[in-house]
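Engineer: this is a predicted model, with the sequence first.
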Amino acid sequence: MTTATSFVLNGERVVLDIEPATPLLWALRDQLRLTGTKFGCGIGACGACTVVVDGRAQRSCVTPVESVGGHAVTTIEGLGANQLHALQRAWIEHQVPQCGYCQSGMLMAALGLLNEHPDPSDAQIDAQIDNICRCGTYQRARLAIHSAARALQASKQAEKK
């Protein structure tokens with residue numbers, strides 16, 4: 001049986017008439033046609049499906065759509081929608097992507113990390129960014145996260161002036 005589920009997606013309110021247990025990943029991809037969030041393993045292990053819910057990184061393949069009702073969800077399509085986000089600029093600067101399949105999930109995991117830890121240590125990055133990247137660009141991703149953290153902090157300081 002379907003029910004109406006409402007949440008804020010990339011800044012816009014959406015309402016879906018959907019089975020409550022449907023994984024958020026499939027609601028995003030099939031119902032809303034946002035294909036940047038990738039299917040990888042289907043068990044929440046690889047991280048290709050990572051989105052941000054209320055500021056925290058979450059694996060959408062194991063998140064029932066009903067659990068995001070009333071919450072704010074950000075996908076890769078919402079990151080830097082008007083201009084490149086500091087993370088996207090850092091990803092380019094440090095040449096993080098190779099094949100690119102895991103990158104949307106890794107970027108969203110990095111956003112969740114920076115929301116919780118604006119100046120993360122290497123240990124915090126290593127603990128939270130557990131997305132699987134078959135190209136092995138973890139060192140570049142770590143550098144990019146540190147670079148983005150500095151850029152975001154500098155931007156906040158400039159706003160205060």
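Structural biologist: Yes, it's here.
Engineer: number of nearby residues for Ala151?
Structural biologist: 16 (other Cβ atoms under 10 Å). In short, each C-beta sits where N, CA and C put it, glycine included.
Engineer: which element, helix or strand, includes it?
Structural biologist: Using DSSP states H and E, Ala151 sits in helix 138-160.
Engineer: so which elements touch that helix?
Structural biologist: Using 3 or more Cβ pairs under 8 Å, 6 or more residues apart in numbering; DSSP states H and E, the elements in contact with helix 138-160 are helix 86-93, helix 103-116, helix 122-128.
Engineer: mean confidence score for the second one?
Structural biologist: Confidence over helix 103-116 (mean pLDDT, whole number) is 97.
Engineer: thinking again about what came up before, which one, of the helices and strands packed on helix 138-160, ends up nearest to Ala148?
Structural biologist: Comparing the helices and strands packed on helix 138-160 by their distance to Ala148 (Cβ to Cβ), the top pick is helix 86-93, with 4.1 Å.
Engineer: and the closest one, how far out from the chain middle?
Structural biologist: Taking the mean C-alpha point of helix 86-93 and that of its whole chain, the gap between them comes to 14 Å (Cα atoms, centre = their mean, to the nearest Å).
Engineer: what residues sit buried inside that helix?
Structural biologist: By neighbour count with 16 or more other Cβ atoms under 10 Å, helix 86-93 contains the buried residues Ala86, Leu87, Gln88, Arg89, Ala90, Trp91.
Engineer: show me what contacts the first one?
Structural biologist: Which is Ala86. For Ala86, the residues meeting the contact criterion (Cβ atoms under 8 Å, 6 or more residues apart in numbering) are Ala148, Ala151, Leu152, Ser155.
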